[in-house]
Each structure stands twice: as structure tokens, then as C-alpha cells.
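Undergrad: generate a structure from the sequence data that follows.
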Amino acid sequence: GLSGVGDTFGTCFGPLSRNRKFGYRLGQGETMEEILASTTEVAEGVETSKALVKMIKKKCKGYRLDLKFPILFGVADILEGRQTPEEGLKGLMSMPMRMESFDERGYYSVSRSESD
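TA: This is a model prediction of the structure:
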């Protein structure tokens, strides 16, 4: 539903958002370690994204989970220094377009578009 939209917008666009500040600094070329060492603020998204990736890898036994959760896995790769923010953005923007759906049982699925 729409209940989390305000929080999401605040996190992404609010000038006081710790997650946004953290992401901005990553985009400027600082590493996760450099940012964490220079601030007392907690950006909850850092540990949350790493924990979610760990949980997904443990509980979901699918092929290419990075294709099912591209933003989350991309953020984790950037945080861990496996790719730069620019590489992550280029990777997301070069993914083929697909229809996404979420059924009432809570299953997430991605289907190929009819134009494929």
C-alpha cells in the first residue's frame, strides 16, 4: 500500500536523511568504511540492506537472485566495494524491461514482456 511512500520519499529526498547523506557521500567516491569512521550518525539502510541480502541468499534458492532483487543487490555490492555507484547505475539502466507482478499469496515474480 501507500503507507510507506512518505517514509521512502523522506529517505530519498530529505536533506536531513542519514541514508541520503550516506548515499550522497558514496556517490562522491568515499567508501563505506570512510563514511562510517567519520560520523556518529546511523544510516539504518546500510545494515538493513546487508542483512536482507544475507537473508535472501539463505532462504531463497533461486537462480540469479541479483536479477530478482537488482536494487538491493546493487546497493550491497556498492557498500561492500564490489562496484562503484556509477557501475551500479549503469547495470540497473541496462537491464531489460520486464513486467513485474506480486500475487495475493505474497509471491514475487518477474515475467518477460510480450515484446520479447
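
Undergrad: so where is the protein shaky, pLDDT-wise?
TA: 1-3, 100-116 (pLDDT under 70).

Undergrad: longest single helix anywhere in it?
TA: Secondary structure assigned by DSSP state H gives helix 44-59 as the longest helix of the chain.

Undergrad: tell me the helix or strand right after that helix.
TA: helix 65-68 (DSSP states H and E).

Undergrad: helices or strands next to the following helix or strand past that following helix in the packing?
TA: For helix 65-68, the following helix or strand on the C-terminal side (DSSP H and E) is helix 70-79. The elements that helix 70-79 packs onto, with contact taken as 3 or more Cβ pairs under 8 Å, 6 or more residues apart in numbering; DSSP states H and E, are helix 44-59, helix 65-68, helix 85-93. Glycine gets a C-beta too; all of them are placed from N, C-alpha and C.

Undergrad: just the angle between the longest one and helix 70-79, please?
TA: By that I understand helix 44-59. 110 degrees (axes from the mean of the first three to the mean of the last three Cα atoms, to 10 degrees).

Undergrad: contacts for helix 44-59?
TA: 11, 18-19, 22-23, 32, 36, 65, 69, 72-73, 75-76, 79-80 (Cβ atoms under 8 Å, 6 or more residues apart in numbering).
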